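Enquirer: Can you look at this prediction? I've put the sequence above it.
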Amino acid sequence: MPEILPIKIDPNLCAGCGLCIDVCPFRNLSLINGKATLEGEHCISCGHCAAVCPEDAIEAPAIEGGMADYNTFSIDRKWLPHGQYDTAGLVSLMSSRRSCRNFLDKPVDSALLEDLVKIGATAPSGTNSQLWTFTILPTRKAVLAFGGHVASYFMKLNALAEKYLLRTALKFAGKGELDEYYHKYYPIVKKAMDEWAESGRDRLFHGASSVIAVGMQPGASCPAEDALLATQNILLASHSMGLGSCLIGFAVSAIKQEPEIKRSLGMPADETVYAVIALGYPNESYRTIAGRKMAVIRYFEG
């Protein structure tokens, strides 16, 4: 169940309009003697009631106002009504963002990275749990240290995958993951590690100067969805801020299998990482937006 986080209602300001009652997702509010009153046991601190109140009679203490204070830009805190935004501009942003694999040797200011985290946290989350975590690696030095841990894991994995008898025995035992890895990913990983050893070419983070790892604390009702929604916010915002971005799935896989990597980044053992985002100033440009394969679309009409 959601954490108990009661709101505060000032009866002297409440006009008894009942708008807060209509928007409360848990139906915790009632009108008693013409005043809004919290009756339910559970509140998810969504802030709907406070945001809709025309008299500013409601506060949601758990909502941190500073999360809407950005370092590199400012926003209008007034709510943007449905339908009052440039849909074509939004779709243009979404379609223009591409995975960047060529970065300039230029650091990203920490203020910008912190703003990206705050933008990520504007995403919806199941029961408004907001249990995500954002681990920032602000420098190329930190990124390379992280990359060293990831590379070490894949070196060990490749050494195992090279053993034909081991792969075959595991496959016949119903554990074909190592054999699948060998055929699908081993050549790519080996080439990347060889290039790193021979020329220093970074095929993992592509020369990115910063990284944000998006994780979740335990207790969320849909942790993967929450983390990836926040991740998409960061990807889109980074493009609008002049940064390139790329999701690094190999790093996520390494963290999942090698707990020591998580500890090296200062993450507790019970945290789960769902996305690793490489960030930096792009050294590439395009003429057209990204195309997409035809989607599967179906209707159900009962």
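Expert: In hand now; what should we look at? Keep in mind that what you see is a predicted model, and the values were worked out from it rather than measured.

Enquirer: what's the nearest residue to residue 129 if we skip its chain neighbours?
Expert: In space, and not counting its chain neighbours, residue 129 is closest to residue 220: 4.6 Å by C-beta to C-beta, 6 or more residues apart in numbering. Every C-beta, even on glycine, is put in place using the N, C-alpha and C of the backbone.

Enquirer: Surely the one you found is in a strand?
Expert: No - read with DSSP: H, G, I helix; E, B strand; the rest coil, residue 220 is coil and lies in no strand.

Enquirer: any idea which residue of this structure is furthest from its center?
Expert: Largest separation from the mean C-alpha position in the chain: residue 33, at 44.1 Å (C-alpha atoms, centre = their mean).

Enquirer: Can you tell me how far it is from residue 16?
Expert: The gap separating residue 33 from residue 16 is 9 Å, by C-beta to C-beta, to the nearest Å.

Enquirer: again, but for residue 201
Expert: Distance from residue 201 to residue 16, by C-beta to C-beta: 67 Å.

Enquirer: do the same with residue 155
Expert: When residue 155 is compared with residue 16 (using C-beta to C-beta), they lie 68 Å apart.

Enquirer: now do residue 120
Expert: According to C-beta to C-beta, residue 120 and residue 16 sit 38 Å apart.

Enquirer: quick one: which of these two has more around it?
Expert: The neighbour count for residue 120 versus residue 16, taken as other C-beta atoms under 10 Å, is higher for residue 120 (23 against 14).

Enquirer: neighbours around residue 53, how many?
Expert: Neighbours of residue 53 using other C-beta under 10 Å come to 21.

Enquirer: meant to ask about residue 282, not that
Expert: 22.

Enquirer: The residue lying closest to it once chain neighbours are set aside: neighbour count?
Expert: Closest residue to residue 282 apart from its sequence neighbours, by C-beta to C-beta, 6+ apart: residue 244 at 3.3 Å. Per other C-beta under 10 Å, the neighbour tally for residue 244 reads 23.

Enquirer: Would you confirm that residue 244 contacts residue 280?
Expert: Yes - with contacts counted by C-beta atoms under 8 Å, residue 244 reaches residue 280, the gap being 6.0 Å.

Enquirer: Quick check: neighbours shared by those two?
Expert: 100, 103, 208 (C-beta atoms under 8 Å, 6 or more residues apart in numbering).

Enquirer: could those go into TSV alongside secondary structure, pLDDT and neighbour count?
Expert: Below are the shared contacts of residue 244 and residue 280 laid out as TSV (DSSP: H, G, I helix; E, B strand; the rest coil; pLDDT from 0 to 100; neighbours: other C-beta atoms under 10 Å):
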residue	secondary structure	pLDDT	neighbour count
100	coil	97	22
103	strand	98	26
208	coil	98	29
